[in-house]
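1. Below: sequence and its predicted model.
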Amino acid sequence: MPVTPESLVRHELVGLAVSVTAADNADLVGIEGSVVAETTQTLGVERDDSDRVVHVPKDGTTFTFTLPAGEDVAVEGRRLNGRPARRTENTGDSKWR
C-alpha cells in the first residue's frame, strides 16, 4: 500500500524526509533531514547539513513529512506516539492480526 497523507501515521517513517515545524522546545524547530530511527517516543533525524542524528521527542512536536510522491504532510507528534510496530499494525487492515 503506498504512503498517502491519510495513511502516513500507519506506515514506516524511516527513510522519509522530515522537518520540525513546531515544538515545545524552540531549539528543535527547523531541524530537517531524513528519519533514520524511530522509538516509542522519539524520531531519529539525520540532519541534511551533517551526519549527526538528532533524537526529537514526538510529544509536543509537529513534523512535516515529504512523501515519495512529493507531497508535504504535517503531523502532530502525539499521533505517532507508541511502538512503531504497534502503530503500524493496529490502525487499519493488517494480515498479521
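-> The structure has been received and is ready for your questions.
2. How about P68, nearest residue that isn't a chain neighbour?
-> If the residues on either side of it in the chain are set aside, P68 comes closest to V3, at 6.4 Å by Cβ to Cβ, 6 or more residues apart in numbering. Glycine gets a C-beta too; all of them are placed from N, C-alpha and C.
3. ok, the residue most central in space within the chain to G70 distance?
-> The centre of the chain sits closest to L13, judged by Cα atoms, centre = their mean, with a distance of 5.2 Å. According to Cβ to Cβ, to the nearest Å, L13 and G70 sit 17 Å apart.
4. This structure: helices as residue ranges?
-> Ranges of helices in the chain, per DSSP state H, are 84-90.
5. Give me the below-cutoff pLDDT ranges for it.
-> Counting by pLDDT under 70, the chain contains low-confidence ranges at 1, 88-97.
6. Show me the strands in it, by range?
-> 17-23, 32-38, 42-47, 53-57, 61-66, 72-76 (DSSP state E).
7. Which one of those strands lies nearest to R87?
-> Smallest distance to R87 across these (Cβ to Cβ): 9.1 Å, for strand 32-38.
8. and that closest one, C-alpha only, in PDB?
-> The C-alpha coordinates for strand 32-38 follow below in PDB (Å, rounded to 0.1, in the frame of the first residue of the first chain):
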ATOM      1  CA  GLU A  32      15.500  18.900   8.700                       C
ATOM      2  CA  GLY A  33      16.700  15.600   7.300                       C
ATOM      3  CA  SER A  34      15.800  12.000   7.000                       C
ATOM      4  CA  VAL A  35      14.200   9.800   9.600                       C
ATOM      5  CA  VAL A  36      16.800   7.100  10.400                       C
ATOM      6  CA  ALA A  37      15.300   5.700  13.600                       C
ATOM      7  CA  GLU A  38      12.100   5.600  15.500                       C
END
